[in-house]
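Asks: Provided below are the primary sequence and the corresponding predicted coordinates.
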Amino acid sequence: MQTSIISPAFGFDQFNRMDDAECHARIRDARARLGARAALLCHHYQRADIYQYADLTGDSLKLSRLAAQTDAEYIVFCGVHFMAEVADIMSRPEQIAILPDLAAGCSMADMANLAKVERCWRELASVIDVDAEVTPVTYINSAADLKAFCGERGGIVCTSSNAGRIAEWAFAQRPKVLFFPDQHLGRWTGAQMGIPLDEMPVWDPDLELGGLTPEQIRRARVLLWKGHCSVHQMFQPQHIARFRAEHPEGIVISHPECSFEVCTASDHVGSTELIVRTIKEAAPGTRWLVGTELNLVSRLAEEVKSEGKIVEFMSPIVCMCSTMQRIDPQHLAWTLENLAEGRVVNPIRVSARDAGNAKTALERMLAVS
């Protein structure tokens, strides 16, 4: 069947009016027709009614690898925009990466854009020899053009799984690191390497010289971009204190996108893959407080309940990745049914120039990892 690319809004209205039951029936039918031609990749934070259809699941590092390995003609990414960009960059030219809803972005990724990062680089160059002294490192939660920026300047991409190893590599290249867009992952990673907090100042892109003095820039070992994940900022040290008071035997595990204070108060800190693995491998009957996205925590709690393990969400306020939630049964049914009928909606294509430099940065990451 010949495939055609059609406009993003083609025929979606009828799906938007469908109830979930009909959408699920259409998803199952379209998947059966597509067979191995389409692979569904789902991030751990994806909502349960979509996650159930995943062919491949994982955190950002695992999905980056899987995107490069799948043989499917279509890579349907049930995640957010930067993840689908990675799939496009890492897959073969003839493969098509698709994001069921183009509005599924990432607020953290939006906190750093190319114009602001390039201005930061120029301002740093007015104080230090930036090309000789600074390795740019971008968290995978960033746009393709920022990955390309790093690739072009001898930099690299990291994930929450490999940030420590990536930081060691970066410091082996040059004495300073510019880390964006998540200050919390950068701060926790630097602290684990023994870097004092006062040598990791925050760069505010809306202020001249990032709000820093030339002396602070010269003294800095890590320049942390003023960015964060809104979900992980919901978790507070008092949530941990309350849990420990009520359950002294309990264990706390948090994602490194949480604040430094939350990470410091936790027993374990790590990526979503580490959180899942640690709790699944833990002794039966243990109780856990988990500081990461609600969909993952709820799914994990159900999976280990039969072992007598109790898994609690850290915040008393419900918070989930709202942009990830945009991938709903209506959008997935619409995407897959169009594919089954030879029409591609919402393809994600990174420009050749950005793709080449971004792939360089991603391949450096995969080699180091």
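Replies: Noted; the coordinates are in hand.

Asks: Secondary structure of Leu41: a strand, I assume?
Replies: Yes: the assignment for Leu41, made by DSSP: H, G, I helix; E, B strand; the rest coil, places it in a strand.

Asks: Next, count neighbours for it.
Replies: The number of residues packed around Leu41, counting by other CB atoms under 10 Å, is 26. C-beta: built from backbone N, CA, C; applies to glycine.

Asks: could you list every residue that touches it?
Replies: With contact taken as CB atoms under 8 Å, 6 or more residues apart in numbering, Leu41 is in contact with 54-57, 63, 66-67, 70, 75-79, 83, 87.

Asks: Let me know the closest of those to Leu124.
Replies: Distance to Leu124 across the contacts of Leu41 (CB to CB) is lowest for Met83, with 29.1 Å.

Asks: Any buried residues in the helix or strand hosting Val157, and which?
Replies: Assigned by DSSP states H and E, Val157 belongs to strand 156-158. Residues of strand 156-158 classed as buried: 156-158 (neighbour count, 16 or more other CB atoms under 10 Å).

Asks: which is the next helix or strand following it?
Replies: helix 163-173.

Asks: hang on, the earlier thing: name the strands paired with the strand holding Val157 and say parallel or antiparallel.
Replies: The strands that strand 156-158 pairs with in its sheet are strand 134-139 (parallel) (by DSSP bridges).

Asks: Show me the contact partners of the strand it pairs with.
Replies: The set of residues that contact strand 134-139 without belonging to it, under CB under 8 Å, 6+ apart, is 108, 112, 117, 121, 124, 128, 146-147, 149-150, 153-160, 163, 166-167, 170-171, 173-174, 176-182, 185-186, 223, 361.

Asks: Which of the contacts of Leu41 fall in strands?
Replies: 56-57, 75-78 (DSSP state E).

Asks: filter those to the buried ones?
Replies: Of the members of those, the ones counted as buried by neighbours, 16+ other CB under 10 Å, are 56-57, 75-78.

Asks: Switch the residues you listed over to CSV; also include distance to Gly270.
Replies: Shown next, in CSV, are these (distance: CB to CB, whole Å):
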residue, distance to Gly270
Leu56, 21
Thr57, 17
Ile75, 27
Val76, 28
Phe77, 23
Cys78, 23
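
Asks: mind giving me TSV with those and columns for pLDDT and distance to Arg47?
Replies: TSV is the format used below for those (pLDDT from 0 to 100; distance: CB to CB, whole Å):
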residue	pLDDT	distance to Arg47
Leu56	91	17
Thr57	90	13
Ile75	94	19
Val76	95	15
Phe77	92	14
Cys78	91	9
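
Asks: so Asp59 touches Thr272, yeah?
Replies: Yes: taking contact to mean CB atoms under 8 Å, the distance of 4.3 Å between Asp59 and Thr272 places them in contact.

Asks: Between these two, which contacts overlap?
Replies: 44, 160.

Asks: about what we covered before: hmm, who's touching the strand holding Val157?
Replies: 135-140, 142, 147, 150, 166-167, 169-170, 185, 358, 361-362, 364-365, 368.

Asks: same check, this time on stretch 305-314
Replies: Stretch 305-314 is touched from outside by 235, 239-240, 243, 252, 254, 279, 282, 284-291, 294, 297-298, 300-301, 304, with contacts defined as CB under 8 Å, 6+ apart.

Asks: Would you list the buried entries among the residues you listed?
Replies: Here the buried ones among the contacts of stretch 305-314, as counted with 16+ other CB under 10 Å, turn out to be 235, 239-240, 243, 252, 254, 279, 282, 286-291, 294, 297-298, 300-301, 304.

Asks: Mark which of these are part of helices, please.
Replies: Assignment to helices by DSSP state H places the following of the buried ones among the contacts of stretch 305-314 there: 239-240, 243, 279, 294, 297-298, 300-301, 304.

Asks: Could you provide those residues in JSON lines, with additional columns for pLDDT and distance to Asp20?
Replies: As requested, those are exported to JSON lines (pLDDT from 0 to 100; distance: CB to CB, whole Å):
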{"residue": "His239", "pLDDT": "98", "distance to Asp20": "32"}
{"residue": "Ile240", "pLDDT": "98", "distance to Asp20": "36"}
{"residue": "Phe243", "pLDDT": "98", "distance to Asp20": "34"}
{"residue": "Ile279", "pLDDT": "98", "distance to Asp20": "29"}
{"residue": "Leu294", "pLDDT": "90", "distance to Asp20": "19"}
{"residue": "Val297", "pLDDT": "95", "distance to Asp20": "23"}
{"residue": "Ser298", "pLDDT": "93", "distance to Asp20": "18"}
{"residue": "Leu300", "pLDDT": "96", "distance to Asp20": "23"}
{"residue": "Ala301", "pLDDT": "97", "distance to Asp20": "23"}
{"residue": "Val304", "pLDDT": "98", "distance to Asp20": "27"}
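
Asks: just those now: which is nearest Asp198?
Replies: The shortest gap between Asp198 and any of these belongs to Ile240, at 24.9 Å (CB to CB).

Asks: thought that closest one was touching Glu261?
Replies: No: in terms of CB under 8 Å, Ile240 does not count as a neighbour of Glu261; the distance is 9.2 Å.

Asks: which residues touch Glu303?
Replies: Lys280.
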